[in-house]
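any chance you could fold what I've pasted below:
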Amino acid sequence: MDLNKVLVIDDDDEILDVLKDILEDQNYTVVTAGDGNEGLKVFLSERPRLVITDLIMPSLDGIGLIKKIKEIDQIPVLCVSSGASKTMLEEADSLSVNFIFPKPFELDFFIKTVRAIMA
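Next comes the predicted model:
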């Protein structure tokens with residue numbers, strides 16, 4: 001098992017690529033998925049130590065994905081989102097996500113948060 005493996009899930013390819021590059025620059029092994037259904041499949045096959053997911057995605061949104069992941073494992077989850085409703089943010093919080101980053105977010109704080117979780 002790769003103890004530095006992070007799964008990043010976002011339907012925006014540009015954000016997915018940026019997060020992947022940032023995390024790889026910090027020496028994390030990064031696997032990615034473009035939506036919640038693909039993210040769940042990758043989670044099950046790759047078994048990362050951290051999941052970073054968008055909340056608003058087609059097919060299976062971040063809330064549904066987090067619920068499914070938390071049924072399997074109490075792995076740390078970070079959320080990134082723009083335009084999520086207050087209800088969706090409250091629901092994410094109730095699922096014990098570690099932090100919710102509004103897009104755009106400060107990269108230094110993002111990296112520090114990931115490091116703290118992965119330490």
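
what number of residues lie near E24?
The tally of other residues near E24 (other Cβ atoms under 10 Å) stands at 12. Glycine gets a C-beta too; all of them are placed from N, C-alpha and C.

mind listing what it touches?
E24 makes contact with V30, according to Cβ atoms under 8 Å, 6 or more residues apart in numbering.

10 Å instead?
V6, V30 (Cβ atoms under 10 Å, 6 or more residues apart in numbering).

need the pLDDT of it.
Looking at E24, its pLDDT stands at 98.

which element is it on?
For E24, the element it lies in under DSSP states H and E is helix 13-25.

next SSE after that helix?
Going down the chain from helix 13-25, the next helix or strand is strand 29-33, by DSSP H and E.

roughly how far apart are L3 and L19?
Separation of L3 from L19 (Cβ to Cβ, to the nearest Å): 19 Å.

I69 too?
The value you get for I69 to L19, if Cβ to Cβ is used, is 18 Å.

ditto for S82
In this view, S82 and L19 are 14 Å apart by Cβ to Cβ.

what do these two both touch?
Contact criterion Cβ under 10 Å, 6+ apart; residues shared by S82 and L19: D12, D54.

the two: which has the busier surroundings?
For S82 versus L19, neighbours defined as other Cβ under 10 Å are more numerous around L19 (23 against 14).

how much space between that one and Q74?
When Cβ to Cβ is applied, the distance between L19 and Q74 equals 23 Å.

what of D108?
When distance is defined by Cβ to Cβ, D108 is 27 Å away from Q74.

over to T113?
18 Å.

between the two, which one's more packed in?
Neighbour count, other Cβ under 10 Å: between T113 and Q74, T113 has more, with 18 against 9.

which non-adjacent residue is nearest that one?
Nearest residue to T113 in three dimensions, chain neighbours excluded: F99, at 5.5 Å (Cβ to Cβ, 6 or more residues apart in numbering).
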